[in-house]
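J.: Fold the following for me, if possible:
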Amino acid sequence: MKALTVHNPWAWAIAHGGKDVENRGRATRHRGELAIHAGLHWDEIGAADPRIIVAAGQIAGPLLSDARFVRGAIIAVVDLVDVVRDSSSPWAAVGQCHWLIANVRPLAEAVPCRGWQNVWDVSPEVEVAVQAQLDRRDLT
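T.: Sure, this is the predicted structure:
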């Protein structure tokens, strides 16, 4: 399983806030299943972003880091369906590659692990833990 580390609150927005585009400076050839790893860093710009503030149910911002924003763990699995530069999503940033995300599956329990830059391979142990949660979801 491949993974991508995303700083919070952006990672949370992918898992729970309807963020359907991840903005990156470069494209990737990867398509298909992708685990979303919430990195250790807290992004103050994201915390002040009105789209995230509204998605988090807050009237006014900026957001403060709290228990919703798990760090250092895989929090969701998505499908990376394409990479374009002209997405019309409100989450798409001008001048970036738009990684188009669909079929978001938040995990009931975050799976702690170390993150890496770029797209990276999840360890076998972490993959088993993530897959077990996805399998349980499929049974319900």
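J.: correct me, but V119 touches A3?
T.: Yes. Between V119 and A3 there is a contact under Cβ atoms under 8 Å: 7.2 Å. Quick note: C-beta positions are derived from backbone N, CA and C, even for glycine.
J.: Comparing these two, which residue is more hemmed in?
T.: A3 (24 against 17; other Cβ atoms under 10 Å).
J.: Send over the longest helix seen in the chain as PDB, restricted to the C-alpha atoms.
T.: In the chain, ranked by residue count with DSSP state H as the criterion, the top helix is helix 124-139. Extracted C-alpha coordinates of helix 124-139, given in PDB (Å, rounded to 0.1, in the frame of the first residue of the first chain):
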ATOM      1  CA  PRO A 124       3.600  -4.600   6.200                       C
ATOM      2  CA  GLU A 125       2.600  -4.300   9.800                       C
ATOM      3  CA  VAL A 126       0.800  -1.000   9.300                       C
ATOM      4  CA  GLU A 127      -0.800  -2.200   6.100                       C
ATOM      5  CA  VAL A 128      -2.300  -5.200   7.900                       C
ATOM      6  CA  ALA A 129      -3.700  -2.900  10.600                       C
ATOM      7  CA  VAL A 130      -5.200  -0.500   8.000                       C
ATOM      8  CA  GLN A 131      -6.600  -3.300   5.800                       C
ATOM      9  CA  ALA A 132      -8.200  -4.900   8.900                       C
ATOM     10  CA  GLN A 133     -10.200  -1.700   9.400                       C
ATOM     11  CA  LEU A 134     -11.200  -1.500   5.800                       C
ATOM     12  CA  ASP A 135     -12.300  -5.100   5.800                       C
ATOM     13  CA  ARG A 136     -14.500  -4.500   8.900                       C
ATOM     14  CA  ARG A 137     -16.100  -1.500   7.100                       C
ATOM     15  CA  ASP A 138     -16.900  -3.700   4.100                       C
ATOM     16  CA  LEU A 139     -18.700  -6.200   6.300                       C
END
